[in-house]
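Undergrad: build the 3D model from these lines:
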Amino acid sequence: MATLEINDLHVTVEAENGPREILKGVDLTIKQGETHAVMGPNGSGKSTLAYSLAGHPKYTITGGTVTLDGEDVLEMEVDERARAGVFLAMQYPVEVPGVSVSNFLRTSATAIRGEAPKLRTWVKEVKEAMERLQMDPAFAERNVNEGFSGGEKKRHEILQLELLKPKIAILDETDSGLDVDALRVVSEGVNRVRESGEVGTLLITHYTRILRYIKPDFVHVFANGRIAESGGAELADQLEAEGYDKYVKGGAAV
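TA: Purely as a prediction, here's the structure:
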């Protein structure tokens with residue numbers, strides 16, 4: 001069973017007045033088959049956690065450890081983390097002009113699997129995954145994220161998730177900018193991957209609406225650069241009713 005362990009993680013980012021600490025000692029363990037929802041206000045450090053785990057060069061690790069099955073994730077390059085099984089669905093996916101979705105997906109699968117998928121079975125695999133996400137087949141020939149709507153970008157992220165089958169999936173505000181129909185389709189895609197029991201999911205969100213479709217095993221409140229409280233799914237209902245004020249004002253981890 002794959003396990004991602006984050007211990008006392010500290011991260012800084014360059015600011016006008018020098019390095020500014022964003023993550024201030026994060027502890028979190030995610031096992032294959034588990035779904036963890038991380039909720040918190042803007043500026044609390046949720047996305048910093050996601051991008052630091054994926055290896056974004058903007059963020060500097062100043063303390064702590066991150067391991068996947070005992071292997072040091074922080075020593076890996078970005079592509080090595082992906083091949084090891086770490087997947088990031090970005091809040092704002094970038095455009096890749098000149099690269100079609102079909103080429104992007106097959107190249108990614110080749111890198112992850114260590115060999116190119118057989119073309120006939122791969123085409124069938126992609127077509128079926130796109131049908132499940134209610135995506136037009138013509139979508140495969142468009143350039144990656146170029147001119148995509150918010151919903152199309154998020155469906156493409158989940159399409160990658162379904163095809164690449166990572167060990168740990170980090171979903172950074174996947175519900176951002178989605179209407180209710182797109183949210184349902186995207187959530188169903190996440191749930192299909194979860195039902196395999198082979199993926200540990202870190203779901204980062206502001207709101208509880210996506211949690212009506214994706215039921216978490218654990219909910220963590222993120223505030224002031226650390227986890228302030230953890231609990232079950234009922235904690236999300238509490239946050240919906242009470243908001244984050246007590247965590248922001250309290251400032252200390254519980």
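Undergrad: what's the burial count for Gly33?
TA: 16 (other Cβ atoms under 10 Å). In this view, the C-beta of every residue, glycine as well, is placed from N, C-alpha and C.
Undergrad: do the same with Arg132
TA: 15.
Undergrad: mind checking pLDDT for it?
TA: According to the prediction, Arg132 has pLDDT 94.
Undergrad: again, but for Gln160
TA: In this model, Gln160 carries a pLDDT of 96.
Undergrad: what residues sit buried inside the helix or strand harbouring it?
TA: According to DSSP states H and E, Gln160 maps onto helix 150-164. Of all the residues in helix 150-164, those buried under the rule 16 or more other Cβ atoms under 10 Å are 151-164.
Undergrad: of the residues you listed, which is the nearest to Ala50?
TA: Glu157 (12.6 Å; Cβ to Cβ).
Undergrad: residue contacts, the closest one?
TA: When contacts are counted by Cβ atoms under 8 Å, 6 or more residues apart in numbering, Glu157 touches Ala89, Met90, Pro93, Leu171, Thr174.
Undergrad: among these, who's most crowded?
TA: Leu171 (28 neighbours).
Undergrad: so how far is the helix or strand harbouring it off the chain centroid?
TA: Counting by DSSP H and E, the element that carries Leu171 is strand 168-172. Distance of strand 168-172 from the chain centroid (Cα atoms, centre = their mean, to the nearest Å) equals 2 Å.
Undergrad: who's in contact with whatever helix or strand comes next after that strand?
TA: Using DSSP H and E, the next helix or strand after strand 168-172 towards the C-terminus is helix 180-195. By Cβ under 8 Å, 6+ apart, the residues outside helix 180-195 that reach it are 33, 35, 132-134, 150-151, 154-155, 158-159, 161-162, 165, 169, 171, 174-175, 178, 199, 201, 203, 209-210, 213-214.
Undergrad: Val221 and Gln238 touch, don't they?
TA: No. Judged on Cβ atoms under 8 Å, Val221 makes no contact with Gln238 at a distance of 9.1 Å.
Undergrad: the more surrounded of these two?
TA: Shown here are Val221 and Gln238; by other Cβ under 10 Å, Val221 has more neighbours (25 against 14).
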